[in-house]
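S.K.: kindly generate the corresponding structure for this input.
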Amino acid sequence: MATLYDVAKLAGVSPKTVSRVLNESHLVAEETRKRVWEAIRKLDYHPNVMASSLKKKRSNNIGFVVPYGSDFVFHDLNMMEQLRGVHDAVTQEGYNLLVSVPLSKKDSHQEAVRLLKKRSIDGVILYPSAGIDPIIAEFDAKSLRYVTLGMYSERQETNFVEINVFPGAYLATQFLLAQGHQVIGLITRPKSFFNYPKEDLYVQGYRKALKEAGVEFRPELVREGDFTFEGGYRECLLLKRTHPEMTALICASDPMTYGAIRALESLGFQVGKDVEVVAGDNLPLTQKLFPFLSAIVNPSYEQGFQAAKMLIAIIQDGQDAPGVFLDAGFVVRGYYREESR
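M.R.: Purely as a prediction, here's the structure:
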């Protein structure tokens with residue numbers, strides 16, 4: 001196995017120069033740098049990452065703590081897209097990803113603290129679930145690095161990547177109204193999913209489009225879902241049985257969309273003909289299973305990717321980063337030409 005000294009000998013430089021090249025020092029001439037990297041490639045030299053990490057007092061590990069248990073996480077396709085985005089960004093930057101899935105929200109908070117205090121990770125990505133406030137306060141007091149996937153407080157200004165679903169819900173409702181639908185159901189997100197009671201931007205976008213079209217908002221057509229197949233199935237059955245005049249439905253997530261489609265089929269309705277359904281995420285699997293569905297485009301992958309990039313910048317720069325908002329979009333499919341909005 002090649003050593004740093006072997007690289008130095010082949011490149012005709014000192015071991016210290018090789019070390020400077022590996023640490024991206026500006027003190028090395030470009031020609032020398034190229035010579036060192038050529039020797040590294042020829043010898044297939046791999047630095048001792050652990051030793052380097054100890055020297056820099058970093059683990060080169062990024063934590064991703066998910067608070068809903070493995071039964072939820074590994075069945076939730078949207079969350080998996082966020083995880084995929086985090087993974088891609090982390091590996092691009094030469095870090096390792098450590099995923100922890102405690103059984104409860106309370107355990108997830110303590111797990112994040114434990115990992116950071118033991119220096120198992122350099123920073124953590126976590127969800128803004130209920131009860132997170134004291135954990136964030138402790139992180140801030142001890143300069144522990146974190147980024148949240150969504151805002152944990154209306155006062156939060158830094159260290160988050162939030163998705164603004166308002167434009168997606170607005171465009172979806174506007175599209176259905178333009179197709180002649182007047183009775184449109186909405187299965188929205190659960191109110192208790194996040195740390196503070198945010199305004200439901202799905203409902204806001206939905207109401208704005210209805211108001212502009214002169215269609216009365218009927219609160220009984222809005223049901224609170226839980227992001228699961230079962231939740232979509234249950235709420236769609238209830239909506240269609242109590243409001244048989246409903247001809248269109250918007251779901252706030254793709255798993256709930258799958259459940260809603262199954263519910264409509266069980267009642268003998270044909271999706272796309274009897275009832276128009278709009279999916280909530282536009283995930284790759286949904287596009288393959290139901291290529292005819294128009295969909296709200298939820299940038300889940302981009303959220304995870306940007307959160308990881310933000311966290312690494314915070315770790316390297318030693319200071320907080322301004323929060324980022326990503327807008328949801330809308331794509332038209334099915335009997336209509338495919339068109340992004």
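
S.K.: can you give me the helices for the stretch 201-341 of the chain?
M.R.: 201-212, 229-242, 254-266, 284-289, 300-317 (DSSP state H, counting those that start in this stretch).

S.K.: what's stretch 12-23 in contact with?
M.R.: 4-5, 7-8, 11, 27-28, 32-33, 35-37, 47, 52 (C-beta atoms under 8 Å, 6 or more residues apart in numbering). Where you see a C-beta, it was placed from the backbone N, CA and C, and this is true even at glycine.

S.K.: nearest to Ala328, of the helices of the stretch 201-341 of the chain?
M.R.: Among the helices of the stretch 201-341 of the chain, helix 201-212 comes nearest to Ala328, with 8.7 Å by C-beta to C-beta.

S.K.: which residue packs closest to Arg333, ignoring adjacent ones?
M.R.: Nearest non-adjacent residue to Arg333, counting by C-beta to C-beta, 6 or more residues apart in numbering: Ser294, 5.0 Å away.

S.K.: contacts only, for the closest residue to Tyr258 other than its chain neighbours.
M.R.: Nearest non-adjacent residue to Tyr258, counting by C-beta to C-beta, 6+ apart: Phe229, 5.2 Å away. Contact analysis of Phe229 by C-beta under 8 Å, 6+ apart lists Pro255, Met256, Tyr258, Gly259, Arg262.

S.K.: show me what contacts the last one?
M.R.: It refers to Arg262. Applying C-beta under 8 Å, 6+ apart to Arg262 gives the contacts Phe229, Tyr233.

S.K.: one more: the first one?
M.R.: Listed by C-beta under 8 Å, 6+ apart, the contact partners of Pro255 are His75, Asp76, Leu77, Asn78, Phe227, Thr228, Phe229, Gly231, Gly232.

S.K.: and the residues you listed, which two are furthest apart?
M.R.: Within these, two members stand farthest from each other by C-beta to C-beta: Leu77 and Gly231, at 14.2 Å.

S.K.: which residue of these two possesses the greater neighbour count?
M.R.: Neighbour count, other C-beta atoms under 10 Å: between Leu77 and Gly231, Gly231 has more, with 22 against 18.

S.K.: so the more buried one makes contact with Arg223?
M.R.: No: the pair formed by Gly231 and Arg223 falls short of the contact definition of C-beta atoms under 8 Å, at 9.1 Å.

S.K.: quickly list what's touching both of these two.
M.R.: Common neighbours of Gly231 and Arg223 (C-beta under 8 Å, 6+ apart) are Ile187.

S.K.: kindly report the domain assignment for the protein.
M.R.: Using automatic domain parsing, the domain ranges for the chain come out as 4-47, 61-163+301-325, 166-297.

S.K.: below-threshold pLDDT in this protein: ranges please.
M.R.: 47-58, 67-74, 102-119, 130-131, 192-198, 335-341 (pLDDT under 70).

S.K.: swap the cut-off to 80 and go again
M.R.: Within the chain, the segments meeting pLDDT under 80 span 1, 22-26, 46-59, 66-76, 100-120, 129-135, 138-139, 141-143, 191-199, 334-341.

S.K.: tell me which residue is most central in it.
M.R.: Gln82 (3.3 Å; C-alpha atoms, centre = their mean).

S.K.: need the contact list for that residue.
M.R.: By C-beta under 8 Å, 6+ apart, the contact set of Gln82 is Leu149, Ser300, Tyr301, Gln303, Gly304, Ala307.

S.K.: give me phi/psi at it?
M.R.: Recorded main-chain torsions at Gln82 are phi -60, psi -40, according to degrees, to the nearest 10.

S.K.: and for the closest residue to it other than its chain neighbours, the neighbour number?
M.R.: Distance criterion C-beta to C-beta, 6+ apart; nearest residue to Gln82, sequence neighbours excluded, is Gly304 at 3.8 Å. Using other C-beta under 10 Å, Gly304 has 26 neighbouring residues.

S.K.: tell me the spacing between Gly304 and Tyr127.
M.R.: 11 Å (C-beta to C-beta, to the nearest Å).

S.K.: repeat for Lys273
M.R.: According to C-beta to C-beta, Lys273 stands 38 Å off from Tyr127.

S.K.: and the two? Which one has more around it.
M.R.: Taking neighbours as other C-beta under 10 Å, Lys273 and Tyr127 compare with Tyr127 leading, 21 against 8.

S.K.: so that one touches Val147, yeah?
M.R.: No: between Tyr127 and Val147 there is no contact under C-beta under 8 Å: 10.8 Å.

S.K.: strands of the chain, residue ranges please.
M.R.: Using DSSP state E, the strands of the chain run over 61-65, 96-100, 123-126, 145-148, 161-164, 184-188, 222-224, 248-251, 276-279, 294-297, 324-327, 329-332, 339-340.

S.K.: turn the ones you listed into a markdown table, columns for distance to Thr286 and mean neighbour count.
M.R.: Shown next, in a markdown table, are the strands of the chain (distance: least, C-beta to C-beta, whole Å; neighbours: other C-beta atoms under 10 Å):
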| stretch | distance to Thr286 | mean neighbour count |
| --- | --- | --- |
| strand 61-65 | 23 | 24 |
| strand 96-100 | 24 | 16 |
| strand 123-126 | 24 | 26 |
| strand 145-148 | 26 | 24 |
| strand 161-164 | 17 | 20 |
| strand 184-188 | 15 | 25 |
| strand 222-224 | 20 | 19 |
| strand 248-251 | 10 | 28 |
| strand 276-279 | 5 | 27 |
| strand 294-297 | 7 | 25 |
| strand 324-327 | 19 | 14 |
| strand 329-332 | 11 | 20 |
| strand 339-340 | 15 | 10 |
